[in-house]
Structure formats: C-alpha cells, structure tokens
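> no sequence on hand, only this structure:
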C-alpha cells in the first residue's frame, strides 16, 4: 500500500514532527488542526472563510450527518464535499464517539451498536462494515474505523475487553477497505480530480491503562492503517492522564504514518501533544467557546462579555492578522455578544479558528527551524488560563 | 441651504424618479434600499459583506443604540461608523417609532417622551432636542426628526392632535439643526473625509386621513428639510391604506428633495411606492424572514424549511448572482436551517439583501430606460406570495 504521508523533519529535543499528508482533495501540512464541521458546516463560518483562514482540512461527524440530513440526501448531492461546497480534504469520524455520548438506548454487541438517535429517537444499527459504507458514501478523504470509546473513569476489565472489541472491529473495517475497489471519485464542486482512494485511520483505545494502550496500538499497527488516532482522550480525565494515554501508545506507532489525537484541546495541550509525537488535531473549543463570547489569545482566554472590555479599543489580540482583529475592537465585539448579534460570534469564531490554525503554522515553522521545544515551553508558560477551560 | 439631492430623471408613466443623494460618507443612488442595522449590525452580515452586496447606505436604530451599548460607549469609539466598522452612509431614525412600539410606561407630553426601555427597564426621557443630540453623537449622515407614530387604527381626533405635535417637534428639531455649528466630522475607519453636515429629514404623519397627511406634509415643507419621510405606514394597516397615505402626502412634497417611505415592505410594495414617487426604503423583512428560512425570489417567497427542497439541487433563485446562489443548493441550505446552523440564515440573509438591493438597481435602470412602469407591472403580476408576508 502506498504511503501518503511524508515525514519532512523531526525535532531534536522532543518528538515533534513536521509532515505532509496527501489526500484525494489536497495536501495537509502537519502538525495540522481540523476545524469541526459537525452537521456539514463549521459552526458560524462559510467554506470561503475557511479557505481564507487557510484551513487545509475539516472534520465531519458521521453520526450527525447520518441522522440529519441522512445518507440518501448526501448521496443525492454527490457526497459531502459537493453537499457543503467544500473542495478541500475532509476527515470523518466513524460515528462511534457520538453514539456513545449522544444517542440513547445503546446496545452494544460483537456485531455492532444498536441505538436511538437524539434528534427524533429513530432506531439504527451501525457495524464496522456499515460505518465504512457510510463514510464511503460521504466521500471523505480520511475515514475512521468504528471503535468503542470508554468513559472516564473506566475499570480495567471493561477497558481491556473493550480494547479487544475495538481491535476486532478495526480488523473488520480494514477488510472492508481492502476489498473496496478503488472507485472513489473525488469530484467536489465540479472540479475534475484524479481518482484516489480513501485513507483509513485506526483508533487506539485502552482507557488510562498503559498496557492496554500499548496492546491496542500493537494490534492496530499489525493491520497496517494509513494513520493512527488516539481515541478515548479528552473525555473528562485529568490532563496528566490524557498525556499519559498518548505517551503509552506513541512508541508503538510507526514513524512513517500520521498520528491523530482526537477531540482536543487547549492551545497549550496541542503543543504538548505535538511534543509527544502527534500530528493532527480536531477540537470544538474554538467554535463552541466563541458562541459564549470566549476568545483565545496567546496569553490565555478572554471572556468578551466582561464589562472591562466595553470601552476597549484594542482588537481581540494585538498581534493577530485575522479579519476580526484587523477590523473590529473588543468593545464592539462585546456589544455584539451582549446584544446577541450573530456577527459577534462570527467574529470570535473566525479569530479562534485563526488562532488555532496559526498556532499549527507556527509550530511547523518552529519544528523546521529546530526551535520548537523552546517555543512550546515559552508558549505554555505565557498561557494563563489553561485551567479555566473545560476539557472536552 | 445646499441641496444634496440631484434628480436625474423621472418616469413618463408613473411618479418614479431616478436620483442621487450626497452625504458625508458617500453617494446614494435612488431608488435605494437601506438594510437595517438595528443594534449596530445588520443581522447576520458583516460590513465587508454589505460592501460586496453593494449596499450604499444602512439604517441604525437610535432607540436600540441609546439603550445598549449607550451613547457614552459609541461616543468613546468616535461615532457609529467607527464603532461598527462601516464607512458608508448611515441614516438613523429618531427613536420615536421604537419608543412607541417597544418601550414600556410611555408618557408623552409637549416636551417629549418619558419611557422605560425594554432591556433593563431603565427610565429615560427623549425630547426633539435630545433626539437630535443623540443622532449628532452617533454621527449619522442622515438624521430623522422625533415624531409620534400613531397606531392603526387611530381615531381622527387623536391623529390630528398627534400630527400637530409632530409638526411642533419637527420645528424644534429643525431649530437644533440650524443652530448646530458645522463641526460634524465624518472620519470612519481612520479615513480622512471632508467635514460635512448631517442631513435632516422631516416625517409626515397623519394616520389614514388624507387631509391630515396633506396638512402634515405642508407643515413640514415650510420648515425646509433635506428630505421627507412618510411615517406611520406599515403599522398593520391594509395595503391600500398604506398606498393612500403616501399618495395623500406626495403631491405636497418638493420634487427636488428625496422622499423616504419608512419601514416597508415586500418587493412589489417597494415598486408600487417607487411608482408613487418614493425614493428610499428600509425594511427588516429580508433579514428577519431569512432567520426563519424564508427567501425572496422574483416569483415570490420560498420557505426553505419545506420538505420539498430536501433534494433540490438548484440555487435559491436560478438567475441570482449572489454568493449564496452561486455556491449553494436549496437542499443544503434547507439542511442548515433544519439543523439550526448559523450558515443557513447567513446565506438566506445574504440572498434576501441582494434581492432587495438588486431590485432597486433594476428599478433605477428601468427608470433610466423609460421602461419602469412595464417592469413594475410585470414584476407585481409575476410575484405570487405577496399576501403571505406579514406587513411590518
């Protein structure tokens, strides 16, 4: 199998890596942040704005799209790229995480998961094979295997059995991918692309247990995926446990494949994860906190609802080059948020996404320059409000 | 007093006029539509998008801005243009309409209006002089006199007394404007502009009574305003009454001044108003209905929530050149609205504003070409859902 990932360089003082991943809809420079487009839209921003923000890839949530508008609709529109008007790469999750966190009346078996969706209570069944079929229909560039994401805290025995089930499911997903003819055509927005296959990433589970994380990583690596994700992190565990889960698995992942730490985190956490050998990230914090008036800056978060910003003529962040910071003051944005004007959350969302994407761009440059570790330490030390942000 | 309005041409078959109004922040081609920026933001769109839509002027609501963020805040930021990052012309209303429709415990006297605002119940008093002072502080290009807007239906005696009060208030506003030194500096976004005065428009009232409308118009014209508005329309009266109110006043307004029909209406109503000699319009319908999933087209309105659009690959309107129509399908926008994604209302808002602004642009061309009346009749005949839209 062709390797679509190129390792361009590594940091001398940490495990940070600079890489490049080729997909059917374009190249992703790593470390990379993927804005989350849960329901076929990155909340508050348009595809045009995502391109202006230099987002190279976005994430789509299979569970949400499966429930609404439903697969038939997205198939009718020729896949998720066409449907949402985004012609860059898309990674979709398998739906597993949302089935375990949002859906009701779940019944898990060897075969798959039976659940009632949270929108209209409709019943559905998803197996590893079905998860792959759905993502093939969505036309994602990178698809994730179906896994069971155990909650935190979780007892050793359950985490062990679940890790084994996840490995067996991964094997079934791998079989589907291998059997699939290479007939996936990436034709977003009428642009002709060469026919290219979907990349498939395995997901390491194992809760907070070192040996289970290692076993899970080893089982997956045998199956030869295009990339490896660390799942079951950022589910409420302390930050040290999150770091440990990654550190336990990472040594067993092949260097020549991309690693994706799922569903996190704060800006300092992202740098810490990069230092631990992670390449790709997705997180709802920049968009979700924006809707509550919270902006990310290099010095920590600002809650723009606070009265102290009412007369503040500065931009959200002095050094920031985003549209919101070039054109608008904290005082105006505060007014918009207080008055519940949509433009307020749009501007903060734009700034926050820029902030995350720019952090990745900076990390890439620092890795190239051999200065990543100093940069990381200085950034983490400067960042004041890391504990104020709920980990999701 | 210098006349800032130039009448470029008139229609042979109706009272439609093609004109140009010069203000401190730029020129407005009439007939003109003014998107409504109630709280210092046209709901859902950014100033950049307004420029891309070729909006030449927007409207700000004095009452809303006075209540929140308050005058001190807007003064601190150097006026409304600077505060909201819009460097084109702004017209502000006097606040009268909102005091009579939103505020609580109003007490009206010869001196002015005492009221409690609808946000935090704070008491305030606005007189004609204060309304002018507030609008001077906002730095609007066009300011409106304080008037009493009577409800529909309204008895003759009350409408008569109210019309006289409105005339006396107009005289006091006029006195403030005449006394004001010409020290209004239009300096939005750091751009240097020449010092220019604010234009002041009077407001014709008189309810649904022909003689009161005429008397009100005549009293205002004596005061020599820069333009004349027809107020107290689109307050729940039948469409014929609305047309009649305009027709009763129009013959008494000077041809060489712009006429502004306040707070309306549907696309056919706007064309009917243009045919009756009106030049400027503002209306919340394009932005407000968009938030409910309703899009304007030349054939009438579409409610994009309807199931019939789920698989519709067409744009909102085939012939439309707006960003939403160039890039997105009805099916996708329907999904966004059903899923309560902000991008959905953004796209429909953009389309609706484009639709209104484009209708005005087309009306201007048709007037220039001497074909306006045919155009109006054909448009009105083609427009199917005029009765489905609540008049606001």
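Noted; the coordinates are in hand. Here the structure is a predicted model, which means the values were calculated and not measured.

> okay, CA-based contacts and neighbour counts for the rest of this
Noted.

> output the below-cut-off pLDDT ranges for chain A.
Along chain A, the model assigns pLDDT under 70 to residues A:1, A:181-195, A:386-392.

> which outside residues touch whichever strand or helix holds residue A:65?
Per DSSP states H and E: residue A:65 is located in helix A:62-67. Residues outside helix A:62-67 that contact it (Cα atoms under 8 Å, 6 or more residues apart in numbering or on different chains): A:38-40, A:71, A:92-96, A:98-99, A:117, A:119, A:134-135.

> can you tell me which of those residues are in strands?
Among these, DSSP state E puts residue A:92 in strands.

> the contacts of helix A:62-67: which ones sit near chain B?
Among the contacts of helix A:62-67, the ones lying near chain B by Cα under 8 Å from any Cα of the partner chain are A:39-40.

> nearest to residue A:234, of the contacts of helix A:62-67?
Ranked by distance to residue A:234 (Cα to Cα), the contacts of helix A:62-67 are led by residue A:98 at 13.7 Å.

> how many residues are close by that closest one?
17 (other Cα atoms under 10 Å in any protein chain shown).

> for the helix holding residue A:65, the distance to its chain's centre please.
How far helix A:62-67 lies from its chain's middle: 16 Å, per Cα atoms, centre = their mean, to the nearest Å.

> and stretch A:173-183, by the same measure?
Distance, stretch centre to chain centre, for stretch A:173-183: 23 Å (Cα atoms, centre = their mean).

> what are the contacting residues of it?
A:128-129, A:132, A:145-146, A:195-197, A:200, A:223, A:225.

> just the buried subset of those, written out for PyMOL, thanks.
One line in PyMOL is enough to select the buried ones among those; burial here means 16 or more other Cα atoms under 10 Å in any protein chain shown:
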select buried, chain A and resi 128+129+132+145+146+197+200+225
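
> now render the contacts of stretch A:173-183 as CSV, adding secondary structure and distance to chain B.
Below are those laid out as CSV (DSSP: H, G, I helix; E, B strand; the rest coil; distance: Cα to the nearest Cα, whole Å):
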residue, secondary structure, distance to chain B
A:128, helix, 26
A:129, helix, 26
A:132, helix, 23
A:145, coil, 26
A:146, coil, 25
A:195, coil, 24
A:196, coil, 25
A:197, coil, 25
A:200, strand, 27
A:223, coil, 37
A:225, coil, 33
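
> what count of nearby residues applies to residue A:119?
By other Cα under 10 Å, 12 other residues sit near residue A:119.

> same thing with residue A:43?
Other residues within reach of residue A:43, judged by other Cα under 10 Å, total 24.

> look up how far residue B:44 lies from it.
Look at residue A:43 and residue B:44: by Cα to Cα, to the nearest Å, they are 13 Å apart.

> buried subset of the contacts of helix A:62-67?
Neighbour-count burial (16+ other Cα under 10 Å) applied to the contacts of helix A:62-67 gives A:38-40, A:71, A:92-96, A:98-99, A:117, A:134-135.

> closest one to residue B:340 out of these, please.
residue A:39 (9.6 Å).

> neighbours of residue A:123, just the number please.
When counting by other Cα under 10 Å, one arrives at 15 neighbours for residue A:123.

> wait, what's in contact with it?
The neighbours of residue A:123, taking Cα under 8 Å, 6+ apart as the test, are A:114-117.

> could you list everything it pairs with in the sheet?
Note on residue A:123: beta-bridge partners residue A:116, judged by DSSP bridges.

> give me the longest helix you can find in chain A.
The helix that spans the most residues within chain A, counting by DSSP state H, is helix A:342-368.

> what is the orientation angle of it with helix B:342-368?
Interaxial angle of helix A:342-368 relative to helix B:342-368 (axes from the mean of the first three to the mean of the last three Cα atoms, to 10 degrees): 120 degrees.

> the stretch 51-200 of chain A: helices as residue ranges?
Along the stretch 51-200 of chain A, counting by DSSP state H, counting those that start in this stretch, helices occupy A:62-67, A:71-76, A:80-84, A:96-101, A:128-138, A:156-179.

> comparing the ones you listed, which comes out most buried?
Mean neighbour count (mean count of other Cα atoms under 10 Å in any protein chain shown) peaks for helix A:80-84 among the helices of the stretch 51-200 of chain A, with a mean of 25.

> state the number of residues packed around residue A:369.
Residues lying near residue A:369 (other Cα under 10 Å) number 11.

> which positions in chain A make contact with chain B?
So far as Cα under 8 Å from any Cα goes, chain A lies against chain B at A:39-41, A:43-46, A:68-69, A:73, A:76-77, A:83-85, A:310-311, A:313, A:327-329, A:332, A:335-336, A:339, A:341-343.

> list the contacts for residue A:241?
residue A:208.

> just to revisit the earlier point, just the buried ones from the residues of chain A next to chain B?
For the residues of chain A next to chain B, a burial check counting by 16+ other Cα under 10 Å picks out A:39-41, A:43-46, A:68-69, A:73, A:76-77, A:83-85, A:310-311, A:327-329, A:332, A:335-336, A:339, A:341-343.

> relative to residue A:37, how far out is the residue most central in space within chain A?
Among the residues of chain A, residue A:282 comes closest to the average C-alpha position under Cα atoms, centre = their mean, at 2.2 Å. The spacing between residue A:282 and residue A:37, counted by Cα to Cα, is 10 Å.

> which residues do these two both contact?
The overlap between the contact sets of residue A:282 and residue A:37 (Cα under 8 Å, 6+ apart) consists of residue A:59.

> residues contacting residue A:220?
Residue A:220 sits next to A:167, A:170-171, A:202-204 when contact means Cα under 8 Å, 6+ apart.

> residue A:144 reaches residue A:202, doesn't it?
Yes: counting by Cα atoms under 8 Å, residue A:144 does reach residue A:202; the two are 6.3 Å apart.

> who has more neighbours out of the two?
Counted by other Cα under 10 Å, residue A:144 and residue A:202 do not tie: residue A:202 has more neighbours, with 33 against 28.

> what is the helix or strand encompassing the more buried one packed up against?
Secondary structure from DSSP H and E places residue A:202 in strand A:199-204. Helices and strands touching strand A:199-204, by 3 or more Cα pairs under 8 Å, 6 or more residues apart in numbering or on different chains; DSSP states H and E, are strand A:142-144, helix A:156-179, helix A:210-222, strand A:227-230.

> in the sheet, which strands lie alongside it, parallel or antiparallel?
Take DSSP bridges as the rule and strand A:199-204 pairs in its sheet with strand A:142-144 (parallel), strand A:227-230 (parallel).

> quick one: the next helix-or-strand element following the longest one to strand A:199-204, angle?
With elements assigned by DSSP H and E, the helix or strand that comes after strand A:227-230 is helix A:239-249. Taking the same axes, to 10 degrees, one finds helix A:239-249 and strand A:199-204 inclined to each other by 120 degrees.

> paired strands for the helix or strand just after helix A:239-249, with orientation please.
Downstream of helix A:239-249, the first helix or strand assigned by DSSP H and E is strand A:259-261. The strands beside strand A:259-261 in its sheet (DSSP bridges) come out as strand A:227-230 (parallel), strand A:280-282 (parallel).
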